[in-house]
Every structure is written in structure tokens, then in C-alpha cells.
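**Student:** Please work out how this folds:
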Amino acid sequence: MAPKLEQVFTMRAFLSKEDTLVIGPIHGGSQRMIAPVTGGFIKGPGIEMEFTPGSSDWPRLDATTGVLHLDVRSQARNRETGDCIFVTYTGFIKLDPLAQAVMEWSPDARTTESSEHYFITTPKFEVSSEALKWMEQTVFVAHGHFVVPGDGTEAVEYEVYKVVSA
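**Tutor:** Purely as a prediction, here's the structure:
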């Protein structure tokens, strides 16, 4: 029987337009970006963390296919308990018109639904808390979308699922 997915938490990471760097073309034409994470959270039953400074995304855009290859490294902390998490993930965003508007910080950008994109990642976690050690021994898949609150900020948000035996 095929494995199933069980939603376990949500991750939201706000990005900085002003501090995003665009480098390219590199290595045969792709374009590298460096997008600092300015805030956000990981929330769900038994977990509540805030992203801390130093988190960033280093995506590479393949303009010939319209695919953004994600390369993210982030850290988060629970301010009350001091528990920490390091999360890293790769994945893809197929740049449809809605995603393109967000990536360009267009005034037409809007909050989207995960069903509107092919935006998939595979996060891996390292944790300081014994209560969260299960995260280091679990395969996760995340389905992303964009959050545009209308205050000049933008975020990526993921519904994070653990893979469970059926």
C-alpha cells in the first residue's frame, strides 16, 4: 500500500525585496538570487518557532523552463523555551503568471492558494528539543503558495506534511 501524507504544521517565511540580490546569467544562462528571510514562523501542534536572522533562500531560475530551483537554509527558535530548529530544503516552483507577479514584487501580486501552483519542497530538520527529535527521523513534503498581506511584504507559506506508512 502506498504511503500517505499527514499535515503536521505550517511554515511561513517573509522575504526582503530591498536585500534580495540577483546574479546572472551564470553556468549556462540560469540566474541566481539571494533572498534573505526577514521573519516568519513554524506552527502546528506541539511546535511554535520564529525564524531568526541569517535565514535565506538561494534559488536559481532556469529561464528556459520557467522553473525556480529552491535552496533554502533557515533557523528558528521558540523564544519561551529556547528550543531551536535548523531547516533546509530544496524544491521547485513552476513560474506561472501568479508566481511570476509575486517574484517580481508586482503591484498585481496577490495571496495565492497551493492548488494554483506546482510549488513543492522536501524539508529536512535538525532540532535541539528531545520532544521534536521525531522530525529528524521523518520524511516531509511541503506544498507552497504565496502570502501578500498588502503592507509591502511578501511571504512563502508551506503546508508541511509527514510521510506515513498506510
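**Student:** Give me the helix or strand of the protein that scores worst on average pLDDT.
**Tutor:** Lowest mean confidence among the helices and strands of the chain (mean pLDDT, DSSP states H and E): strand 21-26, at a mean of 79.
**Student:** which of the residues in stretch 39-56 are buried?
**Tutor:** 39, 40, 41, 42, 47, 48, 49, 51, 52, 55, 56 (16 or more other C-beta atoms under 10 Å). (Each C-beta comes from the backbone N, C-alpha and C, glycine too.)
**Student:** Identify those among those residues that sit within strands.
**Tutor:** Among the buried residues of stretch 39-56, the members found in strands (DSSP state E) are 39, 40, 41, 42, 47, 48, 49, 51, 56.
**Student:** Tabulate those (TSV), appending distance to residue 118.
**Tutor:** TSV is the format used below for these (distance: C-beta to C-beta, whole Å):
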residue	distance to residue 118
39	26
40	22
41	24
42	23
47	27
48	29
49	27
51	24
56	23
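**Student:** Any chance of TSV for those residues, columns pLDDT?
**Tutor:** What follows is these, written out as TSV (pLDDT from 0 to 100):
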residue	pLDDT
39	94
40	96
41	97
42	97
47	94
48	95
49	96
51	96
56	91
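**Student:** re earlier: and the least confident helix or strand of the chain, how far from the chain's centre?
**Tutor:** In terms of C-alpha atoms, centre = their mean, to the nearest Å, the centre of strand 21-26 is set 20 Å apart from its chain centre.
**Student:** Next: stretch 89-99.
**Tutor:** On C-alpha atoms, centre = their mean, the centre of stretch 89-99 falls 11 Å from that of its chain.
**Student:** about what we covered before: ok, the least confident helix or strand of the chain: who's next to it in the sheet?
**Tutor:** Within its sheet, and counting by DSSP bridges, strand 21-26 is paired with strand 30-44 (antiparallel).
**Student:** Only C-alpha atoms, please: export the partner strand in CSV.
**Tutor:** Only the C-alpha atoms of strand 30-44 are listed here, as CSV (Å, rounded to 0.1, in the frame of the first residue of the first chain):
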residue,chain,number,x,y,z
SER,A,30,20.5,30.5,-15.2
GLN,A,31,20.0,33.3,-12.8
ARG,A,32,20.9,33.1,-9.1
MET,A,33,19.0,35.0,-6.5
ILE,A,34,19.8,35.5,-2.8
ALA,A,35,16.7,36.3,-0.8
PRO,A,36,17.0,37.0,3.0
VAL,A,37,14.2,35.8,5.3
THR,A,38,13.1,38.7,7.5
GLY,A,39,10.7,36.8,9.7
GLY,A,40,8.1,34.2,9.9
PHE,A,41,7.2,31.1,11.8
ILE,A,42,6.8,27.3,12.1
LYS,A,43,3.5,26.5,13.8
GLY,A,44,1.5,23.4,14.5
